[in-house]
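# Sequence first, then the predicted structure, then my questions.
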Amino acid sequence: MQGFDVLVIGNGISGYSTAYALSLEDPSLKVGIIGPSSRLSGATGAAGAMLGCFGEVTQAGISSRFGLKKLEMSVQSAKMWPSWLGQINNSNHGSNKVQIIPGTFVILNSKSGVLDSQNYAATIQALNKYNEPYEEIPPSEISGISPLDDCRPLRALYLPNEGAINPSQLLNAIHSIISNHSNLTVIDETVESINVIDGKVKNVEVKSGGKFEAKCVLLASGTYSQSLIDRIPELKNRIPKLIPAVGYSMLLEVKDQKLSSVVRTPNRAGACGLHVLPQSKDVLYVGASNNLALIPEDSLRVGMINFIFECLLEQIDTSLYNANVLKFLVGNRPATVDTFPLIGKTSIDGLWLLTGTYRDGIHQSPLLAQSIARQILGKSPLFDNLFSPERLPIQTMNKEQAIKEAVLHYMGGAYEHAIQLPRIGWNLMLEEMIHQRIETVYRELDIDIGLPPDLIIMIERDMKKLVPYFREYYHSLDRKNFVETDNSKLLAEDANCFQPA
């Protein structure tokens, strides 16, 4: 049985970055990284990889201390990217250097609802709070966009310190470093189980039947982490459930395209907003949808691809009608039921988690990887962590606040899908109908807490199947099942976590 000092489960950006960070902390450390080389429907390969924290800001997010903590972590990550990427490029001798695509334009257009305006204003508020440079510019100055008149940008921000990175190039660069490191081993396998005996990690078993031992195991396999957590009885009911956030995107061939920076809307309608960015001179990335699901998906859905096409042509550039489609992408972002990450040590001796990063995984990877690598080696973390794995789901809004927020998401989605309402009053009638529909979801769930709009949209889409599933999940939560660390007490008390009715 092969043994390691640290075994990393997961070969996406979180797993690879942490393995690399461990080697920087201690080059003599024997580290194994387990994951299938195909990375089928993983989050990293399908991502636009925007290195943005302020472009992701929402009004709801900065209204809670947990959302503010995520923003603080993103700001810290942004400052780490130049040196982190410099280390990667310096370590990766002989290969093409990975570069950041500089700059982000955040556009507020006329195609969505009031939620976009709120989040645009929240972005400016956050920029001012952190003294981050930005410029509000006429949208006509953005080269490379030519939308329909009734979808045109009304306002635009330019954020010089944000941008994007090619996720495949980044992953390949770290893979090259790992593959050429004498103490780092890539294992092309799928993990079947993490075996625990007497509260301590014994070994990791792969589907081919082999087993690997390690003093420390880091579970960083994105949304696929949940199936392994479910096989550990001592742990499975102590961690907010992970569910895949399925995203569709595509790569277009656009000869001599004029876009030089990211162009994106604010976060909107249960998703990360429309965004386009140049991955190279002739390749344009377009994304991305967001639909929570119970199990990861790897196939394309006609409706979502059609929606992305419509958004691209109507809101970005009508001339892209003739662009060649190079590739459609499907990825499963790791989202928890409260949308906050799972970071740190568990009560199982030797087992650590790094997942649940949702839409922040690539951007926050320098911070998360280096911090958890330090902690695994007994050093101090790089940030104050409010998101330890063993906790009750965090609640940032009460039920009525959450319903009102969800109505804004539904209305924004309706307008983006080009809903046409009769004039005067019908929008209020539709809002009331949506409000009642969401109240029905809560009544059927028989809970009295505020759920994230993303989750409500998921449940409402298939109430017959999903209401019983989530009703059982929320009613099975019991504070007595949780390890009472100082941090879990803090989260439970401060966040008003769920109490069964």
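Yep, that arrived.

# contacting residues for residue 9?
Residue 9 is in contact with 15, 34-35, 191, 194, 204, 217-221, 225, 228, counting by Cβ atoms under 8 Å, 6 or more residues apart in numbering. All C-beta spots, glycine's among them, are computed from the backbone N, C-alpha and C.

# at 10 Å instead, please
Contacts for residue 9 (Cβ atoms under 10 Å, 6 or more residues apart in numbering) come out as 15, 32-35, 187, 189-191, 194, 204, 206, 212, 214, 217-221, 224-225, 228, 351, 353-355.

# Show me these that map onto strands.
Assigned to strands by DSSP state E, the following of the contacts of residue 9 qualify: 32-34, 187, 191, 194, 204, 206, 212, 214, 217-219, 351, 353-355.

# Helices along the stretch 301-450 of the chain, start to end?
302-311, 365-376, 399-416, 426-445 (DSSP state H, counting those that start in this stretch).

# for the residue nearest to residue 445 when sequence neighbours are not counted, what are its contacts?
Setting aside the residues directly before and after it, residue 445 is nearest to residue 471 in space (Cβ to Cβ, 6 or more residues apart in numbering), at 5.0 Å. Listed by Cβ under 10 Å, 6+ apart, the contact partners of residue 471 are 444, 445, 446, 447, 459.

# what's near enough to touch the second one?
I take that to be residue 445. Taking Cβ under 10 Å, 6+ apart as the definition of contact, the neighbours of residue 445 are 451, 456, 459, 463, 466-468, 470-475, 501.

# rerun at 7 Å
When the contact criterion is Cβ atoms under 7 Å, 6 or more residues apart in numbering, the partners of residue 445 are 467, 470, 471, 474.

# ok, of those, which come out buried?
Buried residues within the contacts of residue 445, defined by neighbour count using 16 or more other Cβ atoms under 10 Å: 467, 470, 474.

# Can you classify the first one by secondary structure?
Secondary structure state of residue 467, per DSSP: H, G, I helix; E, B strand; the rest coil, is helix.

# measure it to residue 474 for me?
Counting by Cβ to Cβ, to the nearest Å, the separation of residue 467 from residue 474 is 11 Å.

# before we move on, back to that, would you turn the contacts of residue 445 into JSON lines with pLDDT?
Supplementary listing: the contacts of residue 445 in JSON lines, determined by pLDDT from 0 to 100:
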{"residue": "467", "pLDDT": "97"}
{"residue": "470", "pLDDT": "97"}
{"residue": "471", "pLDDT": "96"}
{"residue": "474", "pLDDT": "94"}
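
# how about CSV for the residues you listed, with secondary structure added?
Formatted as CSV, the contacts of residue 445 follow (three-state DSSP):
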residue, secondary structure
467, helix
470, helix
471, helix
474, helix
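
# Identify the farthest-apart pair in the residues you listed.
Distances among these were taken as Cβ to Cβ; the most separated pair is 467 and 474, at 10.7 Å.

# quick revisit: which single one of the contacts of residue 471 is nearest to residue 291?
Lowest distance from residue 291 to the contacts of residue 471 (Cβ to Cβ) belongs to residue 459, with 12.0 Å.

# mind checking which helix or strand that closest one is in?
Using DSSP states H and E, residue 459 maps to helix 453-461.

# what's that helix packed up against?
Helices and strands touching helix 453-461, as assessed by 3 or more Cβ pairs under 7 Å, 6 or more residues apart in numbering; DSSP states H and E, comprise strand 291-292, helix 399-416, helix 426-445, helix 463-476.

# Can you say which of those is nearest to residue 314?
Comparison of the helices and strands packed on helix 453-461 against residue 314 by Cβ to Cβ identifies helix 399-416 as nearest, at 9.3 Å.

# Can I get that closest one in PDB? Just the C-alpha atoms.
This file holds the C-alpha atoms of helix 399-416, laid out as PDB (Å, rounded to 0.1, in the frame of the first residue of the first chain):
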ATOM      1  CA  LYS A 399     -37.900  34.000   5.700                       C
ATOM      2  CA  GLU A 400     -39.700  37.100   4.600                       C
ATOM      3  CA  GLN A 401     -36.500  38.800   3.500                       C
ATOM      4  CA  ALA A 402     -35.500  35.700   1.600                       C
ATOM      5  CA  ILE A 403     -38.900  35.600  -0.200                       C
ATOM      6  CA  LYS A 404     -38.600  39.200  -1.200                       C
ATOM      7  CA  GLU A 405     -35.100  38.600  -2.500                       C
ATOM      8  CA  ALA A 406     -36.200  35.600  -4.500                       C
ATOM      9  CA  VAL A 407     -39.100  37.600  -6.100                       C
ATOM     10  CA  LEU A 408     -36.400  40.000  -7.400                       C
ATOM     11  CA  HIS A 409     -34.500  37.100  -8.900                       C
ATOM     12  CA  TYR A 410     -37.600  35.700 -10.600                       C
ATOM     13  CA  MET A 411     -38.600  39.100 -12.000                       C
ATOM     14  CA  GLY A 412     -35.100  39.700 -13.300                       C
ATOM     15  CA  GLY A 413     -35.100  36.300 -15.000                       C
ATOM     16  CA  ALA A 414     -38.500  37.100 -16.500                       C
ATOM     17  CA  TYR A 415     -37.400  40.300 -18.000                       C
ATOM     18  CA  GLU A 416     -34.200  38.700 -19.300                       C
END
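
# Cool, thanks, talk later.
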